[in-house]
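A.B. asks: Just a sequence and a predicted model for now, questions to come.
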Amino acid sequence: MPHRTTPPRPANEDQPAIDADEWYTTNELARLVKVDASTLRRWRTHSPPQGPPFVRLCGRVILYGAADVRQWMASRRVCPGQGA
């Protein structure tokens, strides 16, 4: 379950959305972006780190902010047909 900073809203379980004020664990974010959790862990531990920004609260407690994930995804967007 995401760590909410706002009251919960009804969600469509078929299409989970990334809400701006939410924080996600590695497993929750992996499900949302359709990659394996091990992929996020590999990106995080790569030198230099790759993938979306994250917050290490302590030891193994890692959270991803929805706003950071949205921004990271937007930076990875490829628009075919547009000049380089």
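C.D. replies: Happy to help now that I have it. This structure is a prediction, so every number in the text was calculated from the model and none was measured. Numbering: from 1, shown residues only.

A.B. asks: Show me what counts as buried in stretch 57-66.
C.D. replies: Residues 62-66 are the ones in stretch 57-66 that count as buried (16 or more other CB atoms under 10 Å). Glycine gets a C-beta too; all of them are placed from N, C-alpha and C.

A.B. asks: now stretch 23-43
C.D. replies: Buried residues in stretch 23-43, counted by 16+ other CB under 10 Å: 23-26, 28-30, 32-33, 40.

A.B. asks: Closest one of the residues you listed to Arg76?
C.D. replies: Closest approach to Arg76 among those (CB to CB): Val33, at 10.5 Å.

A.B. asks: Could you pull out the strands in the chain for me?
C.D. replies: Secondary structure of the chain (DSSP state E): strands at 3-4, 22-24, 55-58, 61-65.

A.B. asks: Output those as a markdown table; include the columns mean pLDDT.
C.D. replies: Listed next are those as a markdown table, based on pLDDT from 0 to 100:
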| stretch | mean pLDDT |
| --- | --- |
| strand 3-4 | 59 |
| strand 22-24 | 93 |
| strand 55-58 | 93 |
| strand 61-65 | 95 |
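
A.B. asks: Val55 is in contact with Ile62, isn't it?
C.D. replies: Yes - between Val55 and Ile62 there is a contact under CB atoms under 8 Å: 7.1 Å.

A.B. asks: Can you pull the poorly scored residue ranges out of this structure?
C.D. replies: Along the chain, the parts satisfying pLDDT under 70 run over 1-20, 83-84.

A.B. asks: Helices of that one, residue ranges please.
C.D. replies: Along the chain, counting by DSSP state H, helices occupy 26-33, 37-45, 66-75.

A.B. asks: Put together CSV for these, with distance to Gly51 on each row.
C.D. replies: Supplementary listing: those in CSV, determined by distance: least, CB to CB, whole Å:
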stretch, distance to Gly51
helix 26-33, 9
helix 37-45, 3
helix 66-75, 7
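
A.B. asks: for the buried residues of stretch 23-43, which one is nearest Pro49?
C.D. replies: Nearest to Pro49 among the buried residues of stretch 23-43, with distances taken as CB to CB, is Leu40, at 10.8 Å.
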